[in-house]
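In: Need coordinates for the following:
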Amino acid sequence: MWALLGLVGIWCLWMGAVWAGGWAVLTLESWPENVVAGEPFTVRYALRQHGNHLISRIEGTVTAVHTETGERLQFTATDTDETGYYEATLLLPAAGEWRWYIDSFGRFEMPPLPVETGMAVPAAAAAPMIWLAKLTSFPWLLGFMGVVVVGTAVGLWRRQQTRFAPVAALLGVTLCLAGFVVTPAVGMVASETAVPPTAEWGEILFVAKGCVTCHQHDDVAYNGIRTDMGPNLSHHQVGAEFLQLWLRHPAQVRPQTLMPNLELSDREIEALIVFLSGDGETGVKETAVK
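Out: Numbers count the residues shown, from 1 in each chain. Okay, the predicted model is just below:
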């Protein structure tokens, strides 16, 4: 009798903490692909209280640990101009596997991140390179700098006809091309040659997108925050067409659902369908949806 009452009390306390605001879902905007040692890259994520409401002004820290050497690095995540979204610029100095997690309204473990061989980076040089990466992560900024340089060069040529003006103009044109033409083109090529929608990538996204916070899956080992608010998806097979609609915009399928719109790309939706199907093929078995 007393044991039963104790269990009921514990359950009530847990549910009270859950609904009082004690948990959130963290969703990576995109999984970092083709990470190279010594090259900075930016991680961006959304934070939703109770899985639905985007929340800002939450301190965040990204911790990465090299599996082989045990080297541990920490990076600060900061608010962006978009409510509920944060970003951190990382620089991992060594190739190999890095285990990493994000502390922001809780601890959210991420799948291991493979890092390819690149240039060796001294610790003292890491911070300046990260700031450079932040500046150059905006193609329009490069283009704008190019416009300024070209304008300055033209002004110098008109006033003094200095011999350095043509060189400056050439530099400005190069920056304009890099910012407005080359960088967007490279991004388009990269998106076309990115990770295919395999079951392995779908399992990574199941964790990185925050699905694992609310849904259990027997194939996913996870030690971070879990609420199990949603159904167990280990053998939860529905039609591929339904899943595509559901993952793209849940509220349009069921207006009263607690499932948020995670703004998944078509590739991400395909990969999640392959993973949830459990058969390694695009699409899942057609079964009745209850």
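
In: Domains of the chain: list them as residue ranges, please.
Out: Domain segmentation of the chain under automatic domain parsing yields 24-125, 139-192, 199-277.

In: Does residue 61 touch residue 105 like I think?
Out: No: Residue 61 sits out of contact with residue 105 when judged by C-beta atoms under 8 Å, with a separation of 11.6 Å. All C-beta atoms are positioned from the backbone trio N, CA, C, and that covers glycine.

In: ok, the two, which is more surrounded?
Out: residue 105 (20 against 14; other C-beta atoms under 10 Å).

In: which SSE is that one in?
Out: Following DSSP states H and E, one finds residue 105 outside all helices and strands.

In: measure it to residue 113 for me?
Out: Separation of residue 105 from residue 113 (C-beta to C-beta, to the nearest Å): 21 Å.

In: before we move on, what about residue 237?
Out: For residue 237, the distance to residue 113 - C-beta to C-beta - is 30 Å.

In: the more surrounded of those two?
Out: Applying other C-beta under 10 Å to residue 237 and residue 113 shows that residue 113 carries more neighbours, namely 21 against 17.

In: mind listing the strands in this structure by residue range?
Out: In the chain, the segments counted as strands under DSSP state E are 24-28, 41-49, 53-54, 60-66, 72-79, 85-90, 96-103, 107-109, 113-115.

In: How about residues contacting the fourth one?
Out: What that stands for is strand 60-66. Defining contact as C-beta atoms under 8 Å, 6 or more residues apart in numbering, one finds that strand 60-66 is touched by 43, 47, 71-78, 86, 88, 90, 92, 94, 96-104, 113.

In: For PyMOL, write the selection for the buried entries among these.
Out: A single PyMOL command selects the buried members of the contacts of strand 60-66 (16 or more other C-beta atoms under 10 Å):
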select buried, resi 43+47+73+75+77+86+88+90+92+94+96+98+100+101+102+103+104+113
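
In: how close does the residue lying closest to residue 32 once chain neighbours are set aside get to residue 269?
Out: Among residues not flanking residue 32 along the chain, residue 41 sits closest, at 5.6 Å (C-beta to C-beta, 6 or more residues apart in numbering). Remark: distance between residue 41 and residue 269 (C-beta to C-beta) = 24 Å.

In: for residue 62, same thing?
Out: For residue 62, the distance to residue 269 - C-beta to C-beta - is 26 Å.

In: Residue 89 now?
Out: 28 Å.

In: Over to residue 92?
Out: 29 Å.

In: Buried by neighbour count: which residues of stretch 33-44 qualify?
Out: Neighbour counts over stretch 33-44 (16+ other C-beta under 10 Å) mark 35, 37, 38, 39, 40, 41, 43, 44 as buried.

In: Any idea how far apart the tips of it sit?
Out: End-to-end distance of stretch 33-44 (C-alpha to C-alpha, to the nearest Å): 13 Å.

In: hmm, back to that, may I have the residues that are in contact with the residue nearest to residue 32?
Out: Here residue 41 is in contact with 32, 35, 89, 90, 91, 133 (C-beta under 8 Å, 6+ apart).

In: of those residues, closest to residue 211?
Out: residue 32 (18.0 Å; C-beta to C-beta).

In: how close does that closest one get to residue 43?
Out: Residue 32 sits 6 Å away from residue 43, going by C-beta to C-beta.

In: Could you tell me which residues touch both of the two?
Out: Shared contacts of residue 32 and residue 43, defined by C-beta under 8 Å, 6+ apart, are not found at any residue.

In: hey, where'd the helices end up in this protein?
Out: 2-19, 123-136, 139-160, 164-177, 183-192, 199-208, 211-214, 240-248, 250-253, 266-277 (DSSP state H).

In: Look at the closest residue to residue 272 other than its chain neighbours and say how many residues are nearby.
Out: Spatial nearest neighbour of residue 272, chain neighbours left out: residue 202 (4.9 Å); criterion: C-beta to C-beta, 6+ apart. Number of residues near residue 202 (other C-beta under 10 Å) recorded here: 20.

In: go on, residue 235?
Out: 9.

In: any idea how far residue 166 is from it?
Out: 69 Å.
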